[in-house]
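K.L.:
Structure for this input, please:
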Amino acid sequence: MNEFITARAADQDWRGVVKGLVTSLSPKIDAAKKPPNLGLLYITDKLSRDAQSIVELLRSITSVPFWVGVTGSAILSDAGVYADRPAASCLLMHVAADDFAVIGASQENYQADLARIADSHKALGAQTAHVYLHPETGYPPQMALTNLYEQTMCFMTGGLSSARGAHNVFSHNKKDDMLSGCFFSQNIPLVSALFEGFSAMGAEHKITSCQKNAIFELGGKSAANVLADDLSSWLSTRLADEEDYAGQRLDALMAYLPEMPAEIQMAFRYYNNDITGRSVKALSGCSEDKGWVSAAHVAAEGEYVSFVIRDSAALKMDLAKKLMALRSRLQAEGTLGSIKGGVYISNASRLDPADTQIELTLIKEIIGDIPLAGFYSSGEISHHSLYNFTAQITLFV
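P.N.:
Coordinates of the predicted model:
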């Protein structure tokens with residue numbers, strides 16, 4: 001791999017966006033030691049219906065033969081975030097032909113495409129995959145991920161389209177409307193990290209009574225009362241005033257959150273190859289009178305769950321802490337100074353209109369000023385699992 005090239009552009013329509021990208025890319029491509037042959041492309045949902053036209057024109061003008069990409073409610077580059085307007089960013093690289101393979105699948109021929117993907121993986125001996133998925137097809141994204149993992153056993157990174165309208169994943173192959181991405185061989189080292197962006201309100205609780213997504217008891221106590229206790233303790237610490245939160249009803253305590261602003265989620269513990277993690281799901285409802293809480297998750301007795309807070313302070317703290325851990329890891333491996341470029345994928349719910357640059361600023365301050373592109377997604381991929389409300393970075397080192 002040689003140096004990575006980034007570009008971004010915004011304009012009134014897709015032709016103007018392509019013109020802006022080409023104007024930025026052309027001198028960089030001319031100056032490259034080796035011409036790029038792979039492009040990762042991110043477009044805002046304002047351009048979703050023009051994705052294939054954009055790819056074909058970029059492929060023709062730049063002579064970069066292989067492209068994969070996805071739509072997002074917002075896209076990003078090392079220079080900033082673009083939302084609510086026609087815009088695109090891209091990351092171009094040169095990779096030896098026998099070190100990567102572009103993969104794709106369509107809804108119409110999914111099973112046959114999956115078999116071809118498995119053949120491509122076997123021929124390359126791939127160890128990692130970077131993929132984008134359409135979130136609304138007859139094949140749920142987690143099922144598609146599981147199928148892909150079972151066929152390849154690759155470590156995967158990537159994300160789901162987050163378009164507010166027509167979703168689109170795409171490649172230079174017009175039929176790839178469900179999945180697009182790349183395999184990389186062991187000669188292309190990747191480093192990744194997942195960022196949760198939450199802070200715990202209290203300790204974990206064992207689910208002792210539940211039905212489907214409704215949880216009635218935690219540790220033998222009313223689940224709603226446990227939530228009220230955790231929330232009142234957290235508010236007392238966070239607001240540090242003289243208010244007696246412990247004596248208030250749950251609905252009164254919940255009323256403080258929108259003004260902060262903050263949101264409660266539920267983190268369910270899970271195990272994966274003897275590694276403990278947590279899957280964060282939305283708190284979808286609660287009733288203090290009936291004693292239950294519900295989540296976007298089918299609960300099981302014996303599971304452990306904690307209530308967590310998602311707000312800008314928690315996002316910044318978690319991102320900074322884990323970026324520092326990533327920096328230490330890169331330093332220990334001797335690769336911090338040799339990062340060629342990266343892809344950053346952040347959940348659309350994390351985009352703060354009041355401070356759209358905070359995530360990029362922290363990456364630049366802690367990891368360095370590296371070529372970077374990415375988008376805001378409706379789900380994030382790490383290993384073989386799909387996450388929500390998180391962010392994920394993939395670095396080429």
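
K.L.:
Check the protein for its longest helix and report it.
P.N.:
Secondary structure of the chain per DSSP state H: the longest helix is helix 312-333.

K.L.:
Show me the chain divided up by domain.
P.N.:
Domain segmentation of the chain under automatic domain parsing yields 5-189+335-396, 199-312.

K.L.:
which stretch in those domains has the least confidence?
P.N.:
Mean pLDDT values for the domains of the chain show the minimum at domain 199-312, a mean of 90.

K.L.:
hmm, who's touching the longest helix of the chain?
P.N.:
Residues from elsewhere that reach helix 312-333 (C-beta atoms under 8 Å, 6 or more residues apart in numbering): 191, 193-199, 308, 336, 339, 350, 352, 355, 358-359, 362-363, 366-367, 391, 393, 395, 397. From N, CA and C alone the C-beta is placed, and that goes for glycine too.

K.L.:
Buried residues of stretch 159-169, list them for me.
P.N.:
159-163, 167-169 (16 or more other C-beta atoms under 10 Å).

K.L.:
Enumerate the positions of stretch 338-351 that are buried.
P.N.:
Neighbour-count burial for stretch 338-351, counted by 16+ other C-beta under 10 Å, picks out 339-351.

K.L.:
Assumed Asp229 was part of a helix.
P.N.:
Yes - counting by DSSP: H, G, I helix; E, B strand; the rest coil, Asp229 is part of a helix.

K.L.:
now Asn213: how far from Ala223?
P.N.:
Noted for Asn213: a distance of 12 Å to Ala223, by C-beta to C-beta, to the nearest Å.

K.L.:
again with Gly337
P.N.:
Taking C-beta to C-beta, one finds Gly337 at 50 Å from Ala223.

K.L.:
Which of these two has more residues huddled nearby?
P.N.:
Neighbours were tallied for Gly337 and for Ala223 using other C-beta atoms under 10 Å; the higher tally belongs to Ala223 (28 against 9).

K.L.:
In this structure the more buried one contacts Phe216, no?
P.N.:
Yes - contact status for Ala223 versus Phe216: in contact at 5.9 Å, counting by C-beta atoms under 8 Å.

K.L.:
Need the overlap of contacts for these two.
P.N.:
Contact criterion C-beta under 8 Å, 6+ apart; residues shared by Ala223 and Phe216: 291-292.

K.L.:
Centre-most residue in the chain?
P.N.:
Glu380 (3.1 Å; C-alpha atoms, centre = their mean).

K.L.:
in the sheet, who's paired with that residue?
P.N.:
Glu380 forms beta bridges with Gly159, Tyr387, as assigned by DSSP bridges.

K.L.:
ranges for the strands of the stretch 51-200 of the chain?
P.N.:
Here the stretch 51-200 of the chain has its strands, by DSSP state E, counting those that start in this stretch, at 66-72, 74-77, 80-83, 87-93, 100-105, 128-133, 155-160, 169-171, 179-184, 190-195, 199-200.

K.L.:
what about the second one, distance to the chain center?
P.N.:
It refers to strand 74-77. 12 Å (C-alpha atoms, centre = their mean, to the nearest Å).

K.L.:
what packs against that strand?
P.N.:
Packing contacts for strand 74-77, counted by 3 or more C-beta pairs under 8 Å, 6 or more residues apart in numbering; DSSP states H and E, involve strand 5-10, strand 38-44, strand 80-83, strand 87-93, strand 372-377.

K.L.:
Check the shortest one too.
P.N.:
Other helices and strands packing on strand 199-200, by 3+ C-beta pairs under 8 Å, 6+ apart, are strand 304-310, helix 312-333.

K.L.:
same check, this time on the fourth one
P.N.:
Strand 87-93 sits against strand 5-10, helix 14-31, strand 38-44, helix 51-62, strand 74-77, strand 341-347, strand 372-377, with contacts defined as 3+ C-beta pairs under 8 Å, 6+ apart.

K.L.:
one more time with 6 Å, if that's ok
P.N.:
strand 5-10, strand 38-44, strand 74-77, strand 372-377 (3 or more C-beta pairs under 6 Å, 6 or more residues apart in numbering; DSSP states H and E).

K.L.:
Could I get those in CSV, plus columns for mean neighbour count?
P.N.:
Listed next are those as CSV, based on neighbours: other C-beta atoms under 10 Å:
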stretch, mean neighbour count
strand 5-10, 22
strand 38-44, 26
strand 74-77, 26
strand 372-377, 29
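
K.L.:
With distance to Gly277 as extra columns, can I get those strands in CSV?
P.N.:
As requested, the helices and strands packed on strand 87-93 are exported to CSV (distance: least, C-beta to C-beta, whole Å):
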stretch, distance to Gly277
strand 5-10, 32
strand 38-44, 27
strand 74-77, 26
strand 372-377, 19
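
K.L.:
Having no further points to raise, I will conclude here.
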